[in-house]
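Colleague: just need the structure, nothing else, for what follows:
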Amino acid sequence: MAKRRIGILTGGGDVPGLNSVIKSVVYRGWENGLEVVGFRKGFEGLTHVNLDDPASKARYVLELNRENTRTIDRHGGTILHSSRVGPSKVRDLPPHLIGRSLPVTKGKGGLTYDLTSQVLENLERLEIDSLIAIGGDGTLKSAAQLDRHGVKVMGIPKTMDNDVQGTEYCVGFSTAITRATAAIDRQRTTIGSHERVGIFRVFGRDAGFTALYSAHVTSNRCVIPEYPVDLEKLIHLLITEKRDNPSNYVLVILSEGATWKGYEVQEFGRPDALGRRKKASVAEVLSEEIQIRTGEETIVSDLTYDLRSGEPDFLDKLVASTFGTMALDAILDGGHGQMSAIVNGCYELVSIPDPAMGPRKVDVPTMYNVDRYRPLYGDKRHWPIFLTRVAPAPG
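Modeller: All right, here's what the predicted structure looks like:
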């Protein structure tokens, strides 16, 4: 009897901990007599591979085993590489599909092609029984769509923003805030030596968890997408705190999607297939406003990509490997359409979130001090460690 084969891929931005997920799936699969196939570059590995071309197959399909995954959890990134390609919205066709009659849509990102049928065909030809998709909102949205088309899919949430619905924790979050707090505390020496206003920008397009938690342990003010602050008040608070500080410096942490009343987030660059463009640095805008209004000098530090680089910390290794094992065990039990999660501080399986729900947000009343633009520190008894409870989804 042929062995069951499962596929695994990593989509979207990389985070520390992805290799820990991959290794745990491979090892748990091997213990149960399964073969594991890795698809390189996320869903591009399933949309762009030409299985009739050995070079294309070698580029996109990687047989995984205990030997070639033995040490991968010691490193960051993903050995499978990644992309932001989604099967239903592909902008650039591979050569072997050019000229075929394919469903096409015109949207904010331009013309995109629906290659779902190509993905289904490739999975069938490779005899893939189930698929594990590791990613954020975009990857999990594609995973849910494939599950509705009959592919048995399990999801694993990863994002430094920690904003996937249905779970209190996403792979990559702990390492991101650990790196952010270390960088912020390290740069105090320079900011303090020059008596400046230190402005730090971290990831968080739609949700402020990374900024909020970094501010929580560094005792700084922060600005998050969920609450547009009053710019004049923010600057007054910062300058007052700076002048009350014997060392005459102050720090503030901004999510990349942070805003204030009257300010529209500025974007630039070519839209991706989903119509999203890069956000201009709100930290640079705030720096200019402070200098114009007060004459105070600033130091701006963009921590974004540094937070996703390098090896994972302990918590990300622990959660990542557990999430991978949970997904594999669910497959062995015949499960699909589910996602590994943490609910009320406990490991759980939930339904892959409905994309219509959008990203999970900071609960401002319980987590953010809207008068002082700081995290709320009190009344945390009986709350889970990541402070925002989520109700388990059906299934």
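
Colleague: how is the chain partitioned into domains?
Modeller: Each domain of the chain is listed here as a residue range: 5-171+312-357, 174-309+364-375, per automatic domain parsing.

Colleague: out of these, nearest to Pro384?
Modeller: Comparison of the domains of the chain against Pro384 by Cβ to Cβ identifies domain 5-171+312-357 as nearest, at 3.8 Å. No exception for glycine: its C-beta is placed from N, CA and C like everyone else's.

Colleague: starting at the chain centroid, how far to the closest one?
Modeller: 13 Å (Cα atoms, centre = their mean, to the nearest Å).

Colleague: Ser24 is in what secondary structure piece?
Modeller: Ser24 is part of helix 18-31, with elements assigned from DSSP states H and E.

Colleague: ok, Thr78 next?
Modeller: Residue-wise, Thr78 maps onto no helix or strand under DSSP H and E.

Colleague: right, and it touches Leu9 too?
Modeller: No - counting by Cβ atoms under 8 Å, Thr78 does not reach Leu9; the two are 9.2 Å apart.

Colleague: give me the more crowded residue out of those two.
Modeller: Leu9 (29 against 25; other Cβ atoms under 10 Å).

Colleague: state the mean pLDDT of the host helix or strand of that one.
Modeller: Element membership of Leu9 [criterion: DSSP H and E] is strand 5-10. The pLDDT scores in strand 5-10 average 98.

Colleague: what's Arg374 sitting at in phi/psi?
Modeller: phi -140, psi 170 (degrees, to the nearest 10).

Colleague: wait, what's in contact with it?
Modeller: Arg374 is in contact with Ala215, Asn220, Arg221, Cys222, Tyr368, counting by Cβ atoms under 8 Å, 6 or more residues apart in numbering.

Colleague: what's the burial count for the first one?
Modeller: Per other Cβ under 10 Å, the neighbour tally for Ala215 reads 29.

Colleague: list the contacts of it.
Modeller: Arg221, Cys222, Ile253, Arg374, Pro375.

Colleague: top of these by neighbour count?
Modeller: Ile253 (31 neighbours).

Colleague: please identify the most buried of the domains of the chain.
Modeller: domain 5-171+312-357 (a mean of 20; mean count of other Cβ atoms under 10 Å).

Colleague: tell me what the helix or strand encompassing Ala283 is packed against?
Modeller: According to DSSP H and E, Ala283 maps onto helix 282-294. Applying 3 or more Cβ pairs under 8 Å, 6 or more residues apart in numbering; DSSP states H and E, one finds that helix 282-294 contacts strand 197-202, helix 231-244, strand 250-255, strand 298-302.

Colleague: per-residue confidence averaged over stretch 147-155?
Modeller: Per-residue pLDDT values across stretch 147-155 average out to 96.

Colleague: need the pLDDT of the nearest residue to Tyr377 once chain neighbours are set aside.
Modeller: Leaving out its chain neighbours, the residue that sits closest to Tyr377 by Cβ to Cβ, 6 or more residues apart in numbering is His216, at 7.5 Å. We have a pLDDT of 95 for His216.

Colleague: if we can go back for a sec, could I get the domains of the chain as a markdown table with distance to Trp383?
Modeller: As requested, the domains of the chain are exported to a markdown table (distance: least, Cβ to Cβ, whole Å):
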| stretch | distance to Trp383 |
| --- | --- |
| domain 5-171+312-357 | 9 |
| domain 174-309+364-375 | 8 |
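
Colleague: for Ile385, which of those domains is the nearest?
Modeller: domain 5-171+312-357 (6.1 Å).

Colleague: what about that closest one, start to end distance?
Modeller: 32 Å (Cα to Cα, to the nearest Å).

Colleague: how close does Val252 sit to Asp147?
Modeller: 42 Å (Cβ to Cβ, to the nearest Å).

Colleague: please apply the same query to Gly192.
Modeller: Gly192 is 52 Å from Asp147, by Cβ to Cβ.

Colleague: go on, Val350?
Modeller: Taken as Cβ to Cβ, the span from Val350 to Asp147 is 14 Å.

Colleague: tilt between the host helix or strand of Ala320 and strand 5-10?
Modeller: For Ala320, the element it lies in under DSSP H and E is helix 314-332. Computed by axes from the mean of the first three to the mean of the last three Cα atoms, to 10 degrees, the angle separating helix 314-332 from strand 5-10 equals 150 degrees.

Colleague: and after helix 314-332, which helix or strand comes next?
Modeller: Next along from helix 314-332, by DSSP H and E: strand 338-343.

Colleague: what pairs with that following strand, parallel or antiparallel?
Modeller: The strands beside strand 338-343 in its sheet (DSSP bridges) come out as strand 153-157 (parallel), strand 346-351 (antiparallel).

Colleague: returning to that earlier point: quick one: which of the contacts of Arg374 sit in helices?
Modeller: Ala215 (DSSP state H).

Colleague: any chance of the contacts of Arg374 in JSON lines, plus distance to Thr105?
Modeller: Output for the contacts of Arg374, formatted as JSON lines (distance: Cβ to Cβ, whole Å):
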{"residue": "Ala215", "distance to Thr105": "41"}
{"residue": "Asn220", "distance to Thr105": "44"}
{"residue": "Arg221", "distance to Thr105": "43"}
{"residue": "Cys222", "distance to Thr105": "38"}
{"residue": "Tyr368", "distance to Thr105": "38"}
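
Colleague: relative to Phe203, which of the contacts of Arg374 is nearest.
Modeller: Among these, and counting by Cβ to Cβ, the member closest to Phe203 is Cys222, at 13.0 Å.
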